[in-house]
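S.K.: okay, predicted coordinates and the sequence, questions at the end:
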Amino acid sequence: MVVDAVLRLNGNTNLDNIHIIKKSGGSLRESYLDEGFILEKKIGVGCPKRLENPKILIANTAMDTDKIKIFGGKVVVDSMTELSKLEDAEKEKMLNKCKKIVDHGINCFINRQLVYNLPEQYFAEHGVMSIEHADFDGIERLALVTGAEIVSTFDHPELVKIGTCKLIEEVMIGEDKVIRFSGIPSGEACTIVLRGATSHILEEAERSIHDALCVLAVTVAETRTVLGAGCSEMIMSKAVEELAAITPGKKAMAIDSFAKALRQIPTIIANNAGYDSSELVSQLKAAHHQGDKKAGLNMRDGCIGNVEELGIIESFKVKQQVLISAHEAAEMIMRVDDILRAAPRQRKNLQH
């Protein structure tokens, strides 16, 4: 599922085209990849529930001025007639705004903010699908995948970029209604729908999916790979140990410590799998010193195996970045430690 989503990007590393939504219910095995964009919102009351080849206007504008909202001030009227005139003026102002929106020649209006009853009714009467309260992240993604631009004023329709797709429809996922945009111009866009029994499982799955997407996106750009399961770390550790053996002085101790740090990766892998890490890492170290450069941890059987035959590989770019980040973090800690251990400044007795 994740591989298919990344391959749809066609070499593009912009993961904003891949949307992840979480829906409680079912099991993780029921998760799937939807070839379209899914928005977790509802269509306005009385509006069309299905549109083919729609013209989409995406906006971030206030659609609630049909109610009197004058901040920091008071309106004093002498009669209900004057109050009614104020309300009518507000309604007329909102209706004019709705007319400007409809004059763009659209049949789908998506707003980041709320759409109140009066504009919703106006849009329904004119056959325009209205979708309200699409959060900022939602409209940003929609603008990206539909080819539209987010607008806040509607005086110049000729300058507005309208989005499109093949189909907008309301569908059910589990017990919730969502809006699916199919056949979008950006064929790279898709949605991963995660199902799970609890919110905790869904959050863990989302983090794992995001990590996998990042690794695969990097791997597509940089196709070089290295053997995993602790094999690469043991090869590097062996090379560093050989350097330490021919290095005179105290530097050899630091180099040897770096080699031991590299061996912590296979140790952690074995511990996480519940095996005896000391025994397995010792066997792995011996195998590499005997010339078996493809030896790694087989966590399925709890032994040492040929990593290439097991098909365990990792991204070269990710492995490189892990080493760089670890080195930078260790260097930063050492520098902070030097500051903490510095002798305090001597203070002179103050004379009064």
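M.R.: Thanks, I have it. Because the structure is a prediction, the values reported are computed rather than measured.
S.K.: any weak-confidence spans in the chain?
M.R.: Low-confidence segments of the chain (pLDDT under 70): 11, 65-74, 136-137, 186-187, 336-345, 347-352.
S.K.: now the residue nearest the centre of it: which helix or strand?
M.R.: Geometric centre of the chain, nearest residue: His210, 6.1 Å, by Cα atoms, centre = their mean. According to DSSP states H and E, His210 maps onto helix 199-221.
S.K.: mind exporting that helix as PDB, just the C-alpha atoms?
M.R.: What follows is helix 199-221, C-alpha atoms only, in PDB (Å, rounded to 0.1, in the frame of the first residue of the first chain):
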ATOM      1  CA  SER A 199      -7.400   5.500  18.500                       C
ATOM      2  CA  HIS A 200      -4.100   4.400  20.000                       C
ATOM      3  CA  ILE A 201      -3.600   1.700  17.300                       C
ATOM      4  CA  LEU A 202      -4.500   4.300  14.600                       C
ATOM      5  CA  GLU A 203      -2.000   6.800  15.900                       C
ATOM      6  CA  GLU A 204       0.800   4.200  16.100                       C
ATOM      7  CA  ALA A 205      -0.100   3.000  12.600                       C
ATOM      8  CA  GLU A 206      -0.100   6.600  11.300                       C
ATOM      9  CA  ARG A 207       3.400   7.200  12.700                       C
ATOM     10  CA  SER A 208       4.700   4.000  11.100                       C
ATOM     11  CA  ILE A 209       3.100   4.800   7.800                       C
ATOM     12  CA  HIS A 210       4.600   8.300   7.800                       C
ATOM     13  CA  ASP A 211       8.100   6.900   8.600                       C
ATOM     14  CA  ALA A 212       7.700   4.400   5.700                       C
ATOM     15  CA  LEU A 213       6.600   7.100   3.300                       C
ATOM     16  CA  CYS A 214       9.600   9.300   4.200                       C
ATOM     17  CA  VAL A 215      12.000   6.400   3.700                       C
ATOM     18  CA  LEU A 216      10.500   5.200   0.400                       C
ATOM     19  CA  ALA A 217      10.400   8.800  -1.000                       C
ATOM     20  CA  VAL A 218      14.100   9.200  -0.200                       C
ATOM     21  CA  THR A 219      14.800   5.700  -1.700                       C
ATOM     22  CA  VAL A 220      13.100   6.600  -4.900                       C
ATOM     23  CA  ALA A 221      15.300   9.700  -5.300                       C
END
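S.K.: the residue nearest to the centre of the chain and Val76, how far apart?
M.R.: To Val76, His210 is 56 Å away according to Cβ to Cβ, to the nearest Å. C-beta here means a position set from N, CA and C on the backbone, and glycine is covered the same way.
S.K.: strands along the stretch 101-250 of the chain, start to end?
M.R.: With DSSP state E, counting those that start in this stretch, the ranges of strands along the stretch 101-250 of the chain come out as 108-111, 129-131, 150-151, 163-164, 167-173, 176-182, 190-196, 225-227.
S.K.: of those strands, which stretch is the most buried?
M.R.: Neighbour counts averaged per stretch over the strands of the stretch 101-250 of the chain are highest for strand 108-111, at a mean of 26; criterion: mean count of other Cβ atoms under 10 Å.
S.K.: what strands line up against that one, and which way round?
M.R.: With DSSP bridges as the test, strand 108-111 is paired with strand 55-59 (parallel), strand 129-131 (parallel).
S.K.: which outside residues touch that strand?
M.R.: Here strand 108-111 makes contact (Cβ atoms under 8 Å, 6 or more residues apart in numbering) with 51, 54-61, 63, 101, 115, 123, 128-134, 139, 142, 168.
S.K.: tell me the contacts of the residue nearest to the residue nearest to the centre of the chain when sequence neighbours are not counted?
M.R.: Closest residue in space to His210, ignoring its immediate chain neighbours: Ile20 at 7.2 Å, by Cβ to Cβ, 6 or more residues apart in numbering. Taking Cβ under 8 Å, 6+ apart as the criterion, Ile20 is in contact with Thr191, Ile192, Leu194, Glu206, Ile209, His210.
S.K.: surely Ile20 forms part of a strand?
M.R.: Yes. Under DSSP: H, G, I helix; E, B strand; the rest coil, Ile20 sits within a strand.
S.K.: looking at the protein, which helix is longest?
M.R.: Longest helix in the chain, counting residues (DSSP state H): helix 316-340.
S.K.: just checking, what packs against that one?
M.R.: Contacts defined by 3 or more Cβ pairs under 8 Å, 6 or more residues apart in numbering; DSSP states H and E place helix 316-340 against helix 199-221, strand 225-227.
S.K.: quick revisit: can you put the strands paired with strand 108-111 in TSV and add distance to Leu7?
M.R.: Formatted as TSV, the strands paired with strand 108-111 follow (distance: least, Cβ to Cβ, whole Å):
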stretch	distance to Leu7
strand 55-59	27
strand 129-131	30
